[in-house]
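Asks: Predicted model and sequence follow; I will ask about them next.
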Amino acid sequence: MIARKGMLFGLLLALATSSAWAAVCSVGDKAEVLWKGTWYAAKVTRVNEDQTRCFIRYTGYGSEWDEWVGQDRIRIQEAPGAAPTGTFSVGDEVEVKWKGSWYPASVLEAKGGKYKIHYDGYSDSWDEWVGLSRIRAK
């Protein structure tokens, strides 16, 4: 019985830390953030290590209002001119923006308006989930 509980715990831990979970946001995403019952425009400036929380700056507000938010308080906005959600499919060749430059990549997974990508010529350790503001057709 103890062995089964240990196996179950291990499985749950692996699922919780797995990259199978879609990232909530990506740096640079424009978003709306719920604060005291009202949605406010914001921009994602950082993402935590497991990509489940977004550090945002409210549009038109100073840094004293910056905060970490989870998926229950944020909704990512599509970038103007970006491909609509669902346009990219597994296996599609795309370009992904990273630090101001576009890099060739391919789509590994698509989930919830986010895309897990693999950069061409780079190891799997560089694979990441990106939002529509960072992906375009090749």
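Replies: Received, thanks. Residues are numbered from 1 along each chain as shown.

Asks: CA only for contacts and neighbour counts going forward, please
Replies: Noted.

Asks: Just checking the distance from stretch 101-112 to the centre of its chain.
Replies: Chain-centre distance of stretch 101-112: 11 Å, with C-alpha atoms, centre = their mean, to the nearest Å.

Asks: buried set for that stretch?
Replies: For stretch 101-112, the buried set under the neighbour-count rule, 16 or more other C-alpha atoms under 10 Å, comprises P104, A105, S106, V107, L108, E109, A110.

Asks: Mind exporting the C-alpha coordinates of that stretch to PDB?
Replies: Presented in PDB, the C-alpha positions along stretch 101-112 are these (Å, rounded to 0.1, in the frame of the first residue of the first chain):
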ATOM      1  CA  SER A 101      14.900  38.700 -33.200                       C
ATOM      2  CA  TRP A 102      12.900  36.100 -35.000                       C
ATOM      3  CA  TYR A 103      14.100  32.500 -35.000                       C
ATOM      4  CA  PRO A 104      12.900  29.500 -37.100                       C
ATOM      5  CA  ALA A 105      11.000  26.900 -35.000                       C
ATOM      6  CA  SER A 106       8.300  24.300 -35.300                       C
ATOM      7  CA  VAL A 107       5.100  23.800 -33.300                       C
ATOM      8  CA  LEU A 108       5.200  20.800 -30.900                       C
ATOM      9  CA  GLU A 109       1.800  21.400 -29.100                       C
ATOM     10  CA  ALA A 110      -1.000  23.900 -29.200                       C
ATOM     11  CA  LYS A 111      -3.200  24.500 -26.200                       C
ATOM     12  CA  GLY A 112      -5.300  27.400 -25.000                       C
END
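
Asks: Name the residues that touch it?
Replies: If you take C-alpha atoms under 8 Å, 6 or more residues apart in numbering as the criterion, stretch 101-112 is touched by 22, 86, 88-97, 115-120, 138.

Asks: pLDDT added to the buried residues of stretch 101-112, as CSV?
Replies: Formatted as CSV, those follow (pLDDT from 0 to 100):
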residue, pLDDT
P104, 95
A105, 96
S106, 95
V107, 93
L108, 94
E109, 89
A110, 85
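
Asks: care to break this protein down by domain?
Replies: Following automatic domain parsing, one finds the domains of the chain at 21-76, 93-137.
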